[in-house]
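A.B. asks: quick check, what structure comes out for this input:
(chains A, B, C and D)
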Number of protein chains: 2
Amino acid sequence: MTDLSMRVMMSSVTVGGRIAVASAMIQSATELIAGSATHLISVDDGDAAWSDAHANFLSSLLDAERQDLLTFARRRTLKPREYLFQAGDHSGDVYILAIGCVRQFQISPTGKETILWFNFPGEVFGLAELSSGIERQINAVANDASEVLCVRRTDFIQFLGKHPEAAMKAIGILSARVRAFGYVLAGLTLDNVETRIARLLMRFAAVSSQARCSVKVEQEEVCVNVRLRHQDIANLIGASRQTVTSTLLSLRRRDAIRMEGHHIHIMNPSHFQHLIEQSAS
Amino acid sequence: MTDLSMRVMMSSVTVGGRIAVASAMIQSATELIAGSATHLISVDDGDAAWSDAHANFLSSLLDAERQDLLTFARRRTLKPREYLFQAGDHSGDVYILAIGCVRQFQISPTGKETILWFNFPGEVFGLAELSSGIERQINAVANDASEVLCVRRTDFIQFLGKHPEAAMKAIGILSARVRAFGYVLAGLTLDNVETRIARLLMRFAAVSSQARCSVKVEQEEVCVNVRLRHQDIANLIGASRQTVTSTLLSLRRRDAIRMEGHHIHIMNPSHFQHLIEQSAS
DNA sequence: CTGAGTTTGTCGCCTAGATGACAATTAGCC
DNA sequence: GGCTAATTGTCATCTAGGCGACAAACTCAG
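C.D. replies: As a prediction, the model looks like this:
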């Protein structure tokens, strides 16, 4: 497969009941082309939705489409922890993440944070408020140093109108997102904290870009290449920070995972998957 | 406002920070035109997403669009509890609910049901599996006697391609669905069972069709016109049946709600809303 | 290198809510 | 009307995991 054909490849393909996720990343800020995939991680079938939901919208576009979209785009650089938008804002932009990682979350009246989504390079977001000019309902903040492309809502709508194929892709991504949330929902009510954490890690491992993990990845081992504090994991799975800490510890003691600097490595995915299933009680 | 203009009215409008939901229903199976709204229920602003997510796709289409779509559609009648599709199916159809109520849910390996969504008349669903011809991930079953319009996936895609406006609407609905799930997610992790039930009732009250409630609705009182067993509520909010029973009982004893045959009436929405907020602890 | 600020690791206690096991109702059906 | 199956109401019991309160370990700016 040439690099060229890779450019427009969707990031997931179904292979006999399991899906092989080809993780892609934007290699150059100015080129914005999907890079080559180096690792294949198989995740649970139920998580097909998960990887489609994180699909690289930008690189799935045809060259002409992409070109057209980029003419509308303003580029914006974000420092870690810098807000892209906040609940209450009126900015009617649609965003595409070029580099980095953006966290989307809600804040409850009591100040608790619920993380809804992590955006990885190539993903579109901010579509939700696309309809009427309602104010933003959620918050988006850069998790790492990031670059986003900002497209005015009206321009984006116009773009989609002009390129039905692209609109179809947007619908596909959104649908996958809905399904992914469905799984999260079910998991939240049915699984215990350990299972929820384990599943989360598998998903992020499949979806986060592998390329940046400096440490040599052993044989089966996969890397969850997202900077996550225990508090973040807690906000993601709806548990308390303490519980996350001790669960993670227990997982480590059982050699299911390993810390490598600031990210987690899953020692043996298939074994880990197995562990998830039986722990589900 | 004439009946005619009503036909293409979107089902929600923003009114000073709160939204007034104009509940609409399909009055005649053969005509498929949105009926007139009789009640206005205001819900929490955060729930704007909720009503947009339940938007009446069919009646939001222009006449020409609707006509075009209907040429593709086969009609199917469902008895209560009859399956429309099941996890594992390969039916690549997109559905539009004409009459009745359809329940979408997942079954866990241990046999537990998680209800993801209730479809009300006019809603599109089954989009999720629209992308590649993956098999259905979830189950859909008629909650009441229902009628659905079935459109082959390829036809639907073609339809959207031909009518960018309609595609935009689909995107809008899907986005709202994503947002709505976000709220459910946050509620699930932050609120206790009483609050979750209360919020659920408010949402369903806003979204379910009012017209069928035979009993005279007192002054402020609103009707949650969906047939829900305690078990269903439990599956919807992720609680046990027993807890739902006793919580509902407690709500009744405090005159917050009232049973009317098989559905629940919320005695005083604003008071109820207040109750939700303070109970949230 | 240093000190403030953040993040992790550890305890013990305590409550919301799950679970199982019933009895009491109610609905649907012949 | 009468019978069965489904649904609701009630308890007593048990536990996962929340919460507060620390100490230890890291991070990073100056």
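
A.B. asks: which residues does A:A128 contact?
C.D. replies: Shown in contact with A:A128 (C-beta atoms under 8 Å, 6 or more residues apart in numbering or on different chains): A:137-138, B:49, B:175-176, B:178-179. For glycine as for every other residue, the C-beta is placed from the backbone atoms N, C-alpha and C.

A.B. asks: enumerate the residues of the stretch 151-281 of chain A near DNA strand D.
C.D. replies: A:192-194, A:238-240, A:242-243, A:262 (C-beta under 7 Å from any atom of the strand).

A.B. asks: which ones among those residues map onto helices?
C.D. replies: The helices, defined by DSSP state H, take in A:193-194, A:242-243 from these.

A.B. asks: where does the prediction get shaky in the stretch 1-150 of chain A?
C.D. replies: Within the stretch 1-150 of chain A, the segments meeting pLDDT under 70 span A:1-47, A:130-133.

A.B. asks: at 90 what do you get?
C.D. replies: Residue ranges of the stretch 1-150 of chain A with pLDDT under 90: A:1-52, A:79-81, A:87-92, A:109-111, A:127-137, A:144-145.

A.B. asks: where do the strands sit along it?
C.D. replies: With DSSP state E, counting those that start in this stretch applied, the stretch 1-150 of chain A shows strands at A:12-15, A:18-22, A:40-43, A:74-78, A:83-85, A:93-99, A:102-107, A:113-119, A:124-125, A:139-142, A:146-152, listed in chain order.

A.B. asks: what about A:P121? Give its phi and psi, please.
C.D. replies: phi -50, psi 140 (degrees, to the nearest 10).

A.B. asks: what is the rounded mean pLDDT of the host helix or strand of A:I171?
C.D. replies: Here A:I171 is covered by helix A:164-190, with elements defined by DSSP states H and E. What helix A:164-190 shows for mean pLDDT is 93.

A.B. asks: let me know whether it sits next to chain B.
C.D. replies: Yes: applying C-beta under 8 Å from any C-beta of the partner chain, one finds helix A:164-190 touching chain B at A:164-165, A:167-168, A:170-172, A:174-179, A:181-186, A:188-190.

A.B. asks: thinking again about what came up before, just put the residues of the stretch 151-281 of chain A next to DNA strand D in JSON lines and tack on distance to chain B.
C.D. replies: Written out in JSON lines, the entries for these read as follows (distance: C-beta to the nearest C-beta, whole Å):
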{"residue": "A:N192", "distance to chain B": "12"}
{"residue": "A:V193", "distance to chain B": "12"}
{"residue": "A:E194", "distance to chain B": "16"}
{"residue": "A:G238", "distance to chain B": "3"}
{"residue": "A:A239", "distance to chain B": "8"}
{"residue": "A:S240", "distance to chain B": "10"}
{"residue": "A:Q242", "distance to chain B": "15"}
{"residue": "A:T243", "distance to chain B": "12"}
{"residue": "A:H262", "distance to chain B": "25"}
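
A.B. asks: contact partners for the closest residue to A:F156 other than its chain neighbours?
C.D. replies: Excluding the flanking residues, the one nearest A:F156 by C-beta to C-beta, 6 or more residues apart in numbering or on different chains is A:V94, at 4.3 Å. Counting by C-beta under 8 Å, 6+ apart, A:V94 makes contact with A:124-127, A:130, A:150-153, A:156.

A.B. asks: rewinding a little: buried residues in the helix holding A:I171?
C.D. replies: A:164, A:166-190 (16 or more other C-beta atoms under 10 Å in any protein chain shown).

A.B. asks: most neighbours out of the ones in helices among the residues of the stretch 151-281 of chain A next to DNA strand D, which is it?
C.D. replies: Neighbours were tallied for each of these (criterion: other C-beta atoms under 10 Å in any protein chain shown), and the maximum of 21 neighbours falls on A:E194.

A.B. asks: for that residue, give its distance to DNA strand C.
C.D. replies: Note on A:E194: its distance to DNA strand C, by C-beta to the nearest atom of the strand, to the nearest Å, is 15 Å.

A.B. asks: please apply the same query to A:F156.
C.D. replies: Spatial separation of A:F156 from DNA strand C under the definition C-beta to the nearest atom of the strand is 33 Å.
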